[in-house]
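Trainee: need coordinates for the following:
(one chain, ligands or ions: 3)
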Amino acid sequence: MKKNSVLIAGGGSTYTPGIVMTLLQNIKEFPVWQIKLYDNDAKRQKTLAEACKIIIAERAPEIEFSYTTDPKEAFTDVDFVMAQLRVGKYAMRELDEKIPLKYDVVGQETCGAGGIAYGMRSIGPIIEMIDYMEKYSPNAWMLNYSNPAAIVAEATRQLKPNSRIINICDMPVCLEAIMARILKLNSRKDMEVRYYGLNHFGWWTSIKDNDGNDLMEKIKEHIRRRGLTEDLLPGQHKEESWLEAMRAAKDLLKIEPTMLSNTYLKYYLMADETVAHSNKEYTRANEVIDRREKDIFETCNNITKDGSAKNTKITASEHSSYIIDLAKALAYNTKERMLLIVENNGAIENFDKTAMVEIPCIVGRDGFEPLVVGTIPTFQKGLMEQQVAVEKLTVEAWIDGSYLKLWQAITMSKTVPSAKVAKLILDDLILANKEYWPILK
Ligand code: NAD
Ligand code: G6P
Ligand code: MN
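Mentor: Ligands and ions are numbered 1, 2, ... in the order given. Next up, the predicted model:
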């Protein structure tokens, strides 16, 4: 079995140590000879990298490990780039969330005005990374989960149509893992699912066990009682703000009783309640800064101080297992069926061919083959058309440097009540994003 060389781009991400653990856990099915980290913030990356160095030295000393801020060193001789940039880091996420909220509009990392702002920051650096990869390792694959994945995917479709980038999201997988636990199955892989939509904007139309028995009704029963909350496993999606999203599954089931909605739809379909329950002074960014970020940096500092990670609480995660499954499918032609964000190209028959949709694909050595979804109902189609237009206008605004297009994009978001409010938010976002956005005229 050929061994792989993996670059984690955004090496200073809070997810990096978990991904390294998952790589080590999967080392038999996905052997690696090299793991490298790359970030443009040397100090942030070093704290995590020094701990990863110890983790790897103790568990798999044969793996070569290094970290760098130099693109050439990073992108040379790699097979897979796992991309997890957060352009502007949590300081900018906080503003993405708080600026819209100031106007009683949903403030969220990837949805609505906040997601648009984050998209405008992410496009340039992602394109730059693709250029590095194509220059230094032209046969490599970039597995991108940098957010906002929907806007990043549309930007790469337009600007880098032939690049070897695959955009993915862990949300369906994490929600399926919750469903599997509700059903008392061993794994989400014991379910066969049909799903379609956009990133952070989709629906399950069928969930069956491996013998073909329908599981939808059982899951719905649980959702009617308590949404997508269940008792097992603490972790990211068990923190209070996430539990609120999980509970929303209950109301989302009322508005679409024939399918199971991705909980992200709450930001669009329950925008008023979401704003009413938000704390304008303390948003998810603050929660992450005070918990996950603090915790992971403290844990890594302690590993370095002790010179050992033998008893570390850092573990492999659901989030990263999905990314490694994707790498495995590409490297070893496993033909695994996975949800990816890909150009529609007729898979959803009555929908824009050029939209980036999240649908099941078969993944193998040559990339992905999307499966046919067929015709979708008017409710889903209408919502998706509006949201795709928001994403396309955002990318066009970035390319053209157009104030008008970005104003239209924010106005069109279902989370925003009017053009006037959209303009107020946009003008604040422009000031906040001076360092990151192109100049808009
Ligand atoms: P984080 O801020 O801890 O990490 C992001 C890292 O990216 C930082 O170390 C930062 O310095 C680095 N970075 C920013 N701009 C860069 C550039 N131009 N070049 C190189 N490095 C750069 O953030 P996090 O909370 O750990 O999340 C990381 C990313 O993963 C985010 O984009 C987040 O939205 C995304 N994410 C996606 C999914 C998914 O399902 N698609 C799931 C979880 C997280
Ligand atoms: C889910 C989504 C990601 C998103 C993350 C944010 O996993 O799929 O796209 O980045 O949540 O989680 P956080 O804990 O940072 O709020
Ligand atoms: Mn996601």
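Trainee: the closest residue to residue 147 other than its chain neighbours sits in which helix or strand?
Mentor: Spatially, and ignoring its direct neighbours in sequence, residue 147 is nearest to residue 110 (5.0 Å; C-beta to C-beta, 6 or more residues apart in numbering). (C-beta placed from N, C-alpha, C; glycine too.) Under DSSP states H and E, no helix or strand contains residue 110.
Trainee: identify the residues contacting residue 110.
Mentor: Residue 110 sits next to 118, 147-150, 199-200, 264 when contact means C-beta atoms under 8 Å, 6 or more residues apart in numbering.
Trainee: so residue 379 sits in a helix?
Mentor: Yes. The assignment for residue 379 by DSSP: H, G, I helix; E, B strand; the rest coil puts it in a helix.
Trainee: relative to residue 150, how far out is the residue nearest to it when sequence neighbours are not counted?
Mentor: Among residues not flanking residue 379 along the chain, residue 256 sits closest, at 7.0 Å (C-beta to C-beta, 6+ apart). Distance, residue 256 to residue 150, using C-beta to C-beta, to the nearest Å: 20 Å.
Trainee: and residue 141, by the same measure?
Mentor: 20 Å.
Trainee: out of the two, which sits in the busier spot?
Mentor: When neighbours are counted by other C-beta atoms under 10 Å, residue 141 and residue 150 differ, and residue 150 comes out ahead with 28 against 21.
Trainee: leaving out chain neighbours, which residue sits closest to the more buried one?
Mentor: Closest to residue 150 by C-beta to C-beta, 6+ apart is residue 199, at 3.9 Å.
Trainee: surely the one you found is in contact with residue 358?
Mentor: Yes. Applying C-beta atoms under 8 Å, one finds residue 199 in contact with residue 358, separated by 5.2 Å.
Trainee: shared neighbours, those two?
Mentor: Joint contacts of residue 199 and residue 358 (C-beta under 8 Å, 6+ apart) are 169, 341.
Trainee: more neighbours: which of the two?
Mentor: residue 199 (30 against 26).
Trainee: who are the contact partners of the residue of the stretch 51-200 of the chain found nearest ligand 2?
Mentor: Closest contact between the stretch 51-200 of the chain and ligand 2, by C-beta to the nearest ligand atom, is at residue 171 (3.6 Å). Counting by C-beta under 8 Å, 6+ apart, residue 171 touches 200, 262-264.
Trainee: what's the most distant pair in these?
Mentor: With C-beta to C-beta as the measure, no two of the contacts of residue 171 lie farther apart than 200 and 263, at 9.2 Å.
Trainee: who has more neighbours out of the two?
Mentor: residue 200 (26 against 23).
Trainee: what comes up buried for stretch 100-113?
Mentor: By neighbour count with 16 or more other C-beta atoms under 10 Å, stretch 100-113 contains the buried residues 100-101, 103, 105-113.
Trainee: those residues: which two are farthest apart?
Mentor: Going by C-beta to C-beta, the pair spanning the buried residues of stretch 100-113 furthest: 103 and 110, at 18.6 Å.
Trainee: you'd agree the residue nearest to residue 379 is up against residue 203?
Mentor: Yes. Assessed by C-beta under 8 Å, residue 256 is found in contact with residue 203 at 6.7 Å.
Trainee: residues from the stretch 251-400 of the chain in reach of ligand 2?
Mentor: Applying C-beta under 6 Å from any ligand atom, one finds that the stretch 251-400 of the chain approaches ligand 2 through 284, 288.
Trainee: okay, helices next: where are they in the stretch 251-400 of the chain?
Mentor: Taking DSSP state H, counting those that start in this stretch as the test, the helices found in the stretch 251-400 of the chain are 266-269, 271-276, 284-288, 294-306, 318-332, 378-400.
Trainee: make a markdown table out of the ones you listed and add mean pLDDT.
Mentor: Shown next, in a markdown table, are those (pLDDT from 0 to 100):
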| stretch | mean pLDDT |
| --- | --- |
| helix 266-269 | 98 |
| helix 271-276 | 98 |
| helix 284-288 | 97 |
| helix 294-306 | 98 |
| helix 318-332 | 93 |
| helix 378-400 | 98 |
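Trainee: just so I know, which of those helices lies nearest residue 190?
Mentor: Per C-beta to C-beta, nearest to residue 190 of the helices of the stretch 251-400 of the chain: helix 318-332, 14.6 Å.
Trainee: off-centre distance for that closest one?
Mentor: 14 Å (C-alpha atoms, centre = their mean, to the nearest Å).
Trainee: ok, residues contacting it?
Mentor: For helix 318-332, contacts defined as C-beta under 8 Å, 6+ apart pick out 1-2, 4, 6, 15, 18-19, 21-23, 26, 29-30, 79-80, 82, 141, 143, 145, 166, 168, 170, 173-174, 177, 235-236, 334-336, 338, 340, 363-365, 367.
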